[in-house]
Structures are given as structure tokens and as C-alpha cells.
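>>> give me the fold of what follows.
(one chain, ligands or ions: 1)
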Amino acid sequence: MVLYPVMRKLLDKRVVLASASPRRQEILSHAGLRFTVVPSKFKENLSKASFPTPYAYAMETAKQKALEVARRMHQKDLRAPDIVIGADTIVALEGLILEKPVDKTDAYSMLSRLSGKEHSVFTGVAIVQCSSQGGGLDLDVSEFYEETRVRFSQLSEELLWEYIHSGEPLDKAGGYGIQALGGMLVEAIHGDFHNVVGFPLNRFCKKLAELYHPPRPEDRPREKQDSIPAVDTFDRLGDSKGAGPGQGGARGDRRRPQAPGREHAKDADSKPSVESVPPTAVLELIDGYKVSKALFTACKMKLFDLLRDEGPLSTADVARKIGASEGGTGQLLDVCAGLGLLDKTEGGYSNTPLATLYLLSDGEYSLHSLIMIHEEFSWPFFSYLDFAVREGTVQTQRALGTAGEDHYQECFYKNREKKLQFMRAMHGHTKVAARHVATAFDLSGFTSACDLGGSTGALAYELARQYPGLKVTIFDLPEVIEDAVFFKPHGPEAGQVSFVPGDFFRDTLPEADLYILSKILHNWPDDKVHQLLSRISRSCKPGGGLLLVEMLLDEDKCRPLPALLKSLTMMVLFQARERSLSEYHILLQAHGFTDVRAVRTGSIADAVLATRA
Ligand SMILES: O=c1[nH]cc([C@@H]2O[C@H](COP(=O)(O)OP(=O)(O)OP(=O)(O)O)[C@@H](O)[C@H]2O)c(=O)[nH]1
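Residues are numbered from 1 along each chain as shown. The predicted structure follows:
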């Protein structure tokens, strides 16, 4: 009943549930959602070991289930649904991921492990928004997960087998159904019950509200974290009638927090006042540079490494160990805690999972070197943003004190330490989104790929992991290739990847069925972009593919904000830019590529695939 306003707004949309689970169908239809069920044919066989966390595995599986259905329906119908929902439920216990048992023995082994212990149930959910553009398919993925902690009583052998013989465990994650007989095994539950049954309804509703009408910054603190957003939030879902991209419809609103000034002025239909348009958003914008600088400084001082190795530590200990003032250190640590990077307890400061995953200097998904590049390289260029905008030129002289044409080469490739720092930065950044990119399209039809400017091979190795029949060549400058060996993984995928030195503007490109340009086009001005695409077009055989990995701007070019800021960075550093899908479409068509499709992965890079006509 309460949810009716959301469902009403979704009434004119084709919603598809990509799930055969009767429980998911029941939960969503009881909530009033109208949808069609199209079970996914995605084989749930992703390598669990390659995911940093159990929930990352569940989210990726959910995403792949939904994407498979969206693509299949698009191909069959030439019209994709508007929204495809995918979900995946798993049980995690002591580092193990348990899915549906394959037989009764497997059910026994799962249930006896769970007996007398607490485990986590994770459901990953993917909401894929689809739009067809000129026959192509644009997919925008939003993902989330929910965790519920469940404690089992000690189960006797007799009870265990009786339960298994009931037949209930076989199609249920972890081998039990909490909603039926399995409820008798459960001593306690902490979190969303529906999440255990297969669909986290509460988080789903919050996500819908966020996607279709992000809350205004000044409203955020007042929202109760543990409740479904108020009905009026749902009610303000944009009507999609007549609202194309950029016209403020439901799709137009997603990912762009409404600028408070705009919204209030429209609502009030009168002159904005300090009361109707409070300055909070502007004050937050003023503080933006302080947040970046605090992060840069903490990384530069390797605070997160220190706390990983010796934490939790008090302010005095940290100050002594890094040789800094106690007052200054305390303030920096508190800001990091305020930013969600550190936990502060009586025992001292320690890293949050966010810091552990991304801010250590040597973590698998480390963004530490990238942060240092921003501190040392981008920051001085941004200090001259006004000159860059006014003059339309790269401010190398002002920012670096040199007039070199090719400051990129000068800065990163002349000095080995700087080059390695740059390679580590690109490696971490690429790795974070590599799996999303590698699985955005089904690339199993390609047998050879060439990643132009593929650097350390972060994407190539992921492609090799996902497609065991694929051989990938990295084509990059000799000075990059000579150090790429430091990034080689130990697994069998290393054997599928080879390196060829060369300059993609000058040398003959290696032969391949699929060419890849990952974060390359955004580095170059338009004339160079055309030059490169024309070279690839000449090398690519008809039917071959070109995969672009970039952040996609929406058609109105006002969102998403991370892509806009990236574009500004590219302008300041290289007189280059990010593009929208239709801009890529035009570029690619001009160079003989058709069937241009895009997947907005929801991660820090999107993927565009085109076919050589
Ligand atoms: O307490 C309960 N725990 C889990 C379930 C059900 O278990 C399955 C989990 O499997 P999965 O997420 O892979 O989903 P499938 O059923 O295979 O359907 P898809 O087509 O979406 O892959 C799920 O059905 C839960 O509902 C339960 O019922 N109770």
C-alpha cells in the first residue's frame, strides 16, 4: 500500500525480473510491482576466488543475470525492457561462499557447517536501466547488496536429515529456506528477513528513490537510515512521459543530485530566499578542495599503511611515528575519520574497509599512486584552471615551470621512479573496474585482442581470466613494456597475455579480432583521436570489434559528475575530453564501425563496443 506511489510511477515502464526464483517473484509482486519474469540463462560460474569479498561475487552474478536478459530481449525484440532486475543470494561462512546445494550430500555438508554458528546472507541486486539508441543498446547498471546475519541452533543429526529429506534445501542458498521449515533451525537474525529469502525489499526501495530522485544534500541528515524513504520521496519520481534524456524524466534524474537552488526556485515559484535555498550545497563545494587535500596528505604520509601495520594507534603514537606535530596529526586523523576513511575508538585509530581496499600503497586495488599523481601533477594544473579556460591551452609553463610540448612524456617517462608511479596509478585504476568492463559484453566470440596502450596489462589479464580462449597482446611504448613485468600475475591467465613494444600513432598495429582502447581517447585532442581511430579502422578486419573503455557522459553533458570532472581534468592536462555515447557513435561511424553498444557499468569506467563494418 505504502509503496503504491513508486509502483504507479513504474507502471508505464517495462519492468523485467531476471529470476526464476518464486520467492523473488512473490516478494516483488506483494510489494505491488508489475513485472514480467524472464529467467536469466547466465551460468552462475564466476570464479569466487577472484572476488575480494563474498558480496562482490553476489553483485557481479546479479549483474550478469540481468545483463544477459537485457541483451537477449533487445536482440529478440529489437526493444529492450526499461528496467531489468537481477539478484543473487549467497551464504558466507568463515571465508566460504555457499550457494544452492547440488544434492542431499551437499546440503548435509552445508547445514552441518552452519550448525551452531552465525553466518551472513548476502543478496546482490542489479538494476539495469535500458535504452535503445539508433538500434544500439545503452545499459546503465546500478548495483547494491544487503547483508543479514543469521545464527543457527546446534542441529542434531536426526533433525538435519529429516530437514534434508523434506526436499526444501535443494533450491535455496546455503541449503535452507528461512520462510518455511528452515525457520526452525534459526536461533536469531539480525537484519532484513526478505534479504535472506532472496530479495532485500527495503534497500531496493531506497535504491529506487535514490535512482529516480536523489535526496537534496540538506535533507540527508534528517532521513532515518533504517527506514524506507517517505512516500513523498517516492511520489516525486519523474514521469517519463515526454521526458527524453536530459528533459528531467525519471531516466534524466538518475545520478544527478538535483541542484538545490534550481529545485526550490521552481517549487516556490517566487524569489529564492536564504530559507528556501540554504547555502549548504555551496559551502560543501567550497570545502571540496580541502577534502581532496586531506586525502592526498594522509596518503603522502602513508597513514593508512602505518595503521594497517601497527594500528589501532593513538594520535600521539601516529604523530611520533610519522615525525609530525601532535595537534596537526590529530586534526588530520579526525578529518579522515569524518570522511569514513578511519574508525576512531577508545583504542585509537584504525582503517575502515574503504581505506584498506583502496588507500594502502601496496593493496591489490590500491589507488594510492593515482592519488599521488593527482597531488603532484593534476593539482598544480588545476591551480591554473582559469588560464586554461580563458586561453584554451595546456598550462604547462605555469604549472610545471617548463614549456615542453609533451609534458606527459616529460613528467612520467623520463624518470624511472615517476614512470613506475604512473604505471601503478593506471594499474590500480584499471583493476578496480576491470571485471565490470571485461564482462560488460560477451566477448567469447573473439580469439585475439590487442590492447593499445594497455600498459601493465591490468585489463588484459582480467579479459584472459574471463575468456580462457582469448589471447591478448599489449601494444605500448617500449619504456612501458620494459617494466610491465612487475605487474604480471601468477595465475594461468599470464600465459594468454603477450607484450609488443610500439607507438600506436606510428608503428604497424598487431593483428587482432578485437582492438581495445582503454582510457586512451580521452587523453588526446580531436585530431589525434581521428588519427588513431583511422589507423585502427585500417587494421581491423570486417566483423572485428573495437572496445572503448571510458567514462560516458550523459547526452545532456551535465552528468554524471565524476565523468564531468574527469573531462575537465583531461581538458586541463591535455586539451582533451570525455564524450557521450552519441559522440562516440558519430566518431566510430566516421571510421567504419557500426552496431555501437554501450554498458554503463556502475563502476569507474564504462564500456562501448562497436563492430567493423
Ligand atoms: O532462506 C532462504 N534462502 C534462500 C532462498 C532462495 O535461494 C535461492 C538462491 O539462489 P539464486 O540467488 O541463485 O537464485 P535462483 O533461485 O537460482 O534464481 P535466479 O533465476 O534468480 O538465479 C533463491 O531462489 C532464494 O529465494 C530461500 O528461498 N530462502
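>>> now do the helices in the stretch 251-400 of the chain.
260-268, 280-286, 288-300, 303-310, 315-322, 326-338, 353-358, 368-373, 379-382, 385-391, 396-400 (DSSP state H, counting those that start in this stretch).
>>> and the fifth one, what's buried?
Buried residues in helix 315-322, counted by 16 or more other CB atoms under 10 Å: Thr315, Asp317, Val318, Ala319, Lys321. Backbone N, C-alpha and C define where each C-beta goes, glycine included.
>>> picking that back up, would you turn the helices of the stretch 251-400 of the chain into CSV with distance to the ligand and mean pLDDT?
Formatted as CSV, these follow (distance: least, CB to the nearest ligand atom, whole Å; pLDDT from 0 to 100):
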stretch, distance to the ligand, mean pLDDT
helix 260-268, 37, 44
helix 280-286, 39, 88
helix 288-300, 37, 97
helix 303-310, 34, 98
helix 315-322, 44, 98
helix 326-338, 36, 96
helix 353-358, 24, 92
helix 368-373, 34, 96
helix 379-382, 45, 94
helix 385-391, 48, 95
helix 396-400, 51, 87
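>>> okay, those helices in TSV with distance to Ser448 next?
Converted to TSV, those look like this (distance: least, CB to CB, whole Å):
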stretch	distance to Ser448
helix 260-268	50
helix 280-286	47
helix 288-300	39
helix 303-310	40
helix 315-322	49
helix 326-338	46
helix 353-358	33
helix 368-373	30
helix 379-382	38
helix 385-391	40
helix 396-400	38
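>>> do you know which of those lies nearest Gly86?
When these are compared by CB to CB, helix 353-358 sits nearest Gly86, at 24.0 Å.
>>> give me the contacts around that closest one.
By CB atoms under 8 Å, 6 or more residues apart in numbering, the surrounding residues in contact with helix 353-358 are 52, 304, 307-308, 336, 340-342, 363, 365-368, 428, 432.
>>> what do you get if the cut-off is 6 Å, keeping everything else the same?
Around helix 353-358, the neighbours that count as contacts under CB atoms under 6 Å, 6 or more residues apart in numbering are Phe304, Leu341, Tyr365, Leu367.
>>> of the helices of the stretch 251-400 of the chain, which approaches Val437 most closely?
Comparison of these against Val437 by CB to CB identifies helix 368-373 as nearest, at 16.9 Å.
>>> number of nearby residues for the closest residue to Leu568 other than its chain neighbours?
In space, and not counting its chain neighbours, Leu568 is closest to Leu385: 7.8 Å by CB to CB, 6 or more residues apart in numbering. Using other CB atoms under 10 Å, the number of residues around Leu385 comes to 13.
>>> how near is Leu385 to Pro489?
Per CB to CB, to the nearest Å, Leu385 is found 39 Å from Pro489.
>>> where does the residue of the stretch 351-500 of the chain found nearest the ligand land on pLDDT?
Residue nearest to the ligand within the stretch 351-500 of the chain (CB to the nearest ligand atom): Thr439, separated by 16.3 Å. For Thr439, the model assigns a pLDDT of 91.
>>> what does the one 10 residues further on give?
The score at Ala449 is 98. That number is its pLDDT.
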